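Chemist: no sequence for this one, just the structure:
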């Protein structure tokens, strides 16, 4: 039997070999090279971001600034020397008068005129003599330890509700308002000093912007009323007493002027809040568990994007942290530049702004807005001090000073400069108005003659 021919012995009868899909191999190689390129870029980006961060931290440490949680931890203060302890005790002892409905009590705390509810006001002040006395003791203390604890993630340590402190401040304001309207100018000034001391102690509380803004609000309860009513202030000599001992003493007025002119506690609290916010941003952006809560993304989405975007998050946080560092010790003109900033990253949208706007969501206060509040507060303090000085000058000379420079050095240490004026001008003063007018150019930077800015 003849042997069968081997398959494909005849080339003409052989089947062609299937294609080996070289194009697929080329795509696979290309994709692999592209992934390797992206990995190298990611490694380089991460190295660049970390080196930038470490360089900034080294610069801040060399400048003696707080850069760790331990750096911002409170220093223990004995209770009897601790202004915060007295304030906390006052908050605990604050009481609603027996039989007074809560809605009536809260309405009375927010009155702007004594005539709105004199009976309720009398009852509230009488029921709270102990907390008011405790707050006056706190005024003599120079240090505060609020007993807070800082730990990472810092955002979980941040206190958001400052209602107890605000309510106590309104109680003190109510007592001072009662004293002022009933002719007890001496007690009115003491109440104003109590509130300023309250704010000073609050400036040593948690080192975040929300606490500092609360402090400025408490100070603001003083400045506006002092400016509005100082033209009618009754002042006697230090060794004189009217029949009821209700006229203010010259030493009291001078002490309140000194309190208002001492801006170091305000500047120190501002710097501390900037350092705290800086640490808050960096801690949050290096802590994956914080991002989903404050950025509106699920944990899975954040975990999936972390590998690719973490250097961008870090650089975004560093950008804002650097701005906070610059603002912490900034002179007024630099702070004013930030306050007038138009390119507010907090209002941006889209992927690229997303990488730089995240820190704003943690504090709730865009830095330009916070800078404006800080400068406006300084303006109110300076106008209040000038108003008291004008009153003393008027009582001594029988007329008002023609210009604020006439108050220096006997009544004010220096002519008050308008912190919201880009050209460094003085606080504006109209001596012939009734009552005399003091005003700042305000947040819009425009001199409108003292008229309220249009909104």
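Modeler: The structure has been received and is ready for your questions. Just so you know, these numbers come straight off a predicted model, no measurement behind them.

Chemist: low-scoring pLDDT stretches of the stretch 251-400 of the chain, where are they?
Modeler: The stretch 251-400 of the chain contains residues with pLDDT under 70 at 285-306, 332-334, 338-364.

Chemist: need the helices for it, in chain order.
Modeler: 264-285, 291-295, 299-328, 332-339, 351-363, 367-397 (DSSP state H, counting those that start in this stretch).

Chemist: Residue 232: which of those helices is closest?
Modeler: Minimum separation from residue 232 across the helices of the stretch 251-400 of the chain (C-beta to C-beta) falls at helix 367-397, 8.5 Å. Glycine gets a C-beta too; all of them are placed from N, C-alpha and C.

Chemist: Show me which positions of the helix or strand just after the closest one end up buried.
Modeler: The first helix or strand that comes after helix 367-397 along the chain, using DSSP states H and E, is strand 428-430. Of all the residues in strand 428-430, those buried under the rule 16 or more other C-beta atoms under 10 Å are 428, 429.

Chemist: which other helices and strands contact strand 428-430?
Modeler: Applying 3 or more C-beta pairs under 8 Å, 6 or more residues apart in numbering; DSSP states H and E, we find strand 428-430 packed against strand 437-439.

Chemist: just checking, what packs against the strand it packs on?
Modeler: Against strand 437-439 (3+ C-beta pairs under 8 Å, 6+ apart) you get helix 367-397, strand 428-430.

Chemist: Distance to residue 410 and mean neighbour count added to the helices of the stretch 251-400 of the chain, as TSV?
Modeler: Formatted as TSV, these follow (distance: least, C-beta to C-beta, whole Å; neighbours: other C-beta atoms under 10 Å):
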stretch	distance to residue 410	mean neighbour count
helix 264-285	22	23
helix 291-295	53	17
helix 299-328	35	18
helix 332-339	25	18
helix 351-363	43	19
helix 367-397	8	22
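
Chemist: would CSV of those helices with distance to residue 71 be doable?
Modeler: Listed next are the helices of the stretch 251-400 of the chain as CSV, based on distance: least, C-beta to C-beta, whole Å:
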stretch, distance to residue 71
helix 264-285, 8
helix 291-295, 24
helix 299-328, 13
helix 332-339, 23
helix 351-363, 19
helix 367-397, 21
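
Chemist: which one of the ones you listed lies closest to residue 58?
Modeler: Among the helices of the stretch 251-400 of the chain, helix 299-328 sits nearest to residue 58 (C-beta to C-beta), with 12.7 Å.

Chemist: coming back round to it: could you point out which of the helices of the stretch 251-400 of the chain sits nearest residue 160?
Modeler: Ranking the helices of the stretch 251-400 of the chain by proximity to residue 160 (C-beta to C-beta) places helix 351-363 first, at 10.8 Å.

Chemist: where in the stretch 1-150 of the chain is pLDDT low?
Modeler: Residues of the stretch 1-150 of the chain that meet the criterion pLDDT under 70 lie in 1-21, 112-117.

Chemist: what are the ranges of the helices in it?
Modeler: 22-62, 83-93, 102-109, 118-127, 129-139.

Chemist: Nearest to residue 221 among the helices and strands packed on strand 437-439 would be which one?
Modeler: Smallest distance to residue 221 across those (C-beta to C-beta): 10.5 Å, for helix 367-397.

Chemist: If you count contacts, what does the closest one end up packed against?
Modeler: helix 209-229, strand 235-236, helix 250-261, helix 264-285, helix 299-328, helix 332-339, strand 437-439.

Chemist: out of the helices of the stretch 251-400 of the chain, which comes closest to residue 166?
Modeler: helix 367-397 (15.7 Å).

Chemist: Helix 209-229 and the closest one, what's the angle between them?
Modeler: On the basis of axes from the mean of the first three to the mean of the last three C-alpha atoms, to 10 degrees, helix 367-397 is oriented at 30 degrees to helix 209-229.
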